[in-house]
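Colleague: Sequence and predicted structure are below.
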Protein chains: 2
Amino acid sequence: MQEITELWSNLSQTTKSSRMVKAVLSAVLVLAIISSTIAKYIPKTGKRIPQTLSRGWGDQLIWAQTYEEALYWSRSRNKPLMVIFHLEDCPHSQALKKVFSENNEIQKTLDEDFIVLNLMYETTDKHLSPDGQYVPRILFVDPSMTVRADINGRYSNRMYAYETGDISLLISNMQTAKKLLKAEL
Amino acid sequence: MQEITELWSNLSQTTKSSRMVKAVLSAVLVLAIISSTIAKYIPKTGKRIPQTLSRGWGDQLIWAQTYEEALYWSRSRNKPLMVIFHLEDCPHSQALKKVFSENNEIQKTLDEDFIVLNLMYETTDKHLSPDGQYVPRILFVDPSMTVRADINGRYSNRMYAYETGDISLLISNMQTAKKLLKAEL
């Protein structure tokens, strides 16, 4: 870059016939600056699609990133929290995610009345695994910071699991979670 | 939908002249099914751009979502972890993010040699705030789960703060963090 600038400076003292050369060099200089500014890092394995916080559970919802953040929003907005535990390589999680993300009633209710968090890694808080760690698993937390262990699905061995056929039960459970433990003053 | 189906069934028993009507109704039925499947939930306030895990700190990097997840990857891949604390409405965070995300050396090194996590909410782990909670703040964690309180910036009152002019110090600190506390066997 410095060499081009010096060359250009030298050329400035020469004859009119060099105008064309200057114009070309000027264009090269501008292009070099633009390309060095724009060229962003691309991994060797190729360009990646940026990860979303929704991970496919509802692109239009505003997701909390961590449990701490979710609890903060739940308390400050006085809204119940839904925590979804799932895994990308679990077919049950994937099947539930599909019907969950395509169900407008669920998506609308979550957007308007809930704080939402989806996690692929367990937290250190054991209250979020009342009967063990498995996926998919959905727990509700009241704004009073109480995990609603009383709101569960239909499987006695995995109390907080839901399958694709359990969407209406899940919606019903969401209505239960909306009835807060301590009413607003 | 049910009414259309009944109507269609009745029409099936009528004359050939009704074929056109049947075809039209059939098309309507198909369109109704397609639109009810495709129509996705859109918030009243309008469609939102899905949030990314990078939050602008490097769209090509693979970000951990939580500190627990980040520690897990750091240990299992034997790579140091960089934790960035920042806020969307903090001009210092935004300015640092711009130079950070546009610096190819930082992005390449992080992608190849680090586990990365960016947080807008504090964790419950006090080791991540050796001299208080402020943003922007960058801490390194060794795969041995040791927070590298010894790797700091140039400000004595905010030891883990970096400004836009401190990028070369940050790169140098990344090199220090790459020298693991306990060498691989």
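Modeller: Alright, I've got the coordinates.

Colleague: For the most centrally placed residue in chain A, grab phi and psi.
Modeller: By C-alpha atoms, centre = their mean, chain A has its centre lying nearest to A:Leu53, at 0.6 Å. Main-chain dihedrals, A:Leu53, degrees, to the nearest 10: phi -70, psi -30.

Colleague: Over to the one 5 residues further on?
Modeller: Geometry field for A:Gly58 lists phi and psi as phi 150, psi 90, criterion degrees, to the nearest 10.

Colleague: What's the separation between it and A:Asp111?
Modeller: For A:Gly58, the distance to A:Asp111 (C-beta to C-beta, to the nearest Å) stands at 8 Å. C-beta here means a position set from N, CA and C on the backbone, and glycine is covered the same way.

Colleague: who's more crowded, the two?
Modeller: More crowded of A:Gly58 and A:Asp111, by other C-beta atoms under 10 Å in any protein chain shown: A:Gly58, with 24 against 19.

Colleague: my read: that one touches A:Leu110, true?
Modeller: Yes - taking C-beta atoms under 8 Å as the definition, A:Gly58 is a contact partner of A:Leu110 at 6.7 Å.

Colleague: which secondary structure element contains A:Asp59?
Modeller: Taking DSSP states H and E as the definition, one finds A:Asp59 inside no helix or strand.

Colleague: oh sorry, the question was meant for A:Ile171
Modeller: With DSSP H and E as the test, A:Ile171 turns up in helix A:167-178.

Colleague: Same question for A:Thr109.
Modeller: Judged by DSSP H and E, A:Thr109 forms part of helix A:104-113.

Colleague: May I see the buried residues of that helix?
Modeller: A:Ile106, A:Gln107, A:Lys108, A:Thr109, A:Leu110, A:Asp111 (16 or more other C-beta atoms under 10 Å in any protein chain shown).

Colleague: What residues does chain A have near chain B?
Modeller: Contacts of chain A with chain B, taken as C-beta under 8 Å from any C-beta of the partner chain, map to A:39-43, A:47-48, A:50-54, A:58-60, A:62-63, A:65-69, A:72, A:102, A:104, A:107-108, A:111, A:119-124.

Colleague: Check the secondary structure at A:Asn118 for me.
Modeller: Look at A:Asn118: counting by DSSP: H, G, I helix; E, B strand; the rest coil, its state is strand.

Colleague: Low-confidence stretches in chain A?
Modeller: Applying pLDDT under 70 to chain A flags residues A:1-18, A:31-38, A:183-185.

Colleague: Would you mind giving the domain segments of it?
Modeller: A:1-37, A:67-178 (the TED database).

Colleague: what ranges do the helices span in chain A?
Modeller: A:2-12, A:19-38, A:67-77, A:91-102, A:104-113, A:167-178 (DSSP state H).

Colleague: returning to that earlier point: mutual contacts of A:Gly58 and A:Asp111, please.
Modeller: Taking C-beta atoms under 8 Å, 6 or more residues apart in numbering or on different chains as the criterion, A:Gly58 and A:Asp111 both touch B:Tyr41.

Colleague: contacting residues for A:Thr124?
Modeller: Here A:Thr124 is in contact with B:Glu68, B:Thr124 (criterion: C-beta under 8 Å, 6+ apart).

Colleague: gap between it and A:Leu61?
Modeller: 25 Å.

Colleague: circling back to that earlier point, need the winner for burial among the domains of chain A.
Modeller: domain A:67-178 (a mean of 17; mean count of other C-beta atoms under 10 Å in any protein chain shown).

Colleague: for that one, the distance to its chain's centre please.
Modeller: 16 Å (C-alpha atoms, centre = their mean, to the nearest Å).

Colleague: Quick check: end-to-end length of it?
Modeller: End-to-end span of domain A:67-178 (C-alpha to C-alpha, to the nearest Å): 19 Å.

Colleague: Which strands or helices does the helix holding A:Ile171 pack on?
Modeller: helix A:91-102, helix A:104-113, strand A:137-141 (3 or more C-beta pairs under 8 Å, 6 or more residues apart in numbering or on different chains; DSSP states H and E).

Colleague: Hey, what's the angle from the shortest one to helix A:67-77? Just curious.
Modeller: With axes from the mean of the first three to the mean of the last three C-alpha atoms, to 10 degrees as the criterion, the two stretches strand A:137-141 and helix A:67-77 enclose an angle of 40 degrees.

Colleague: outside of strand A:137-141, which residues touch it?
Modeller: A:70-71, A:74, A:80-86, A:128-130, A:147-149, A:151, A:153, A:158, A:160-162, A:170, A:173-174, A:176-177.

Colleague: quick one: A:Asn118 and A:Trp63, what's the gap?
Modeller: A:Asn118 is 7 Å from A:Trp63, by C-beta to C-beta.

Colleague: Residues in contact with both of these two, list them for me.
Modeller: With C-beta under 8 Å, 6+ apart as the test, A:Asn118 and A:Trp63 both reach A:Leu53, A:Ser54, A:Trp57.

Colleague: Out of these, the closest to B:His92 would be?
Modeller: For the shared contacts of A:Asn118 and A:Trp63, the minimum distance to B:His92 (C-beta to C-beta) is 23.5 Å, reached by A:Leu53.
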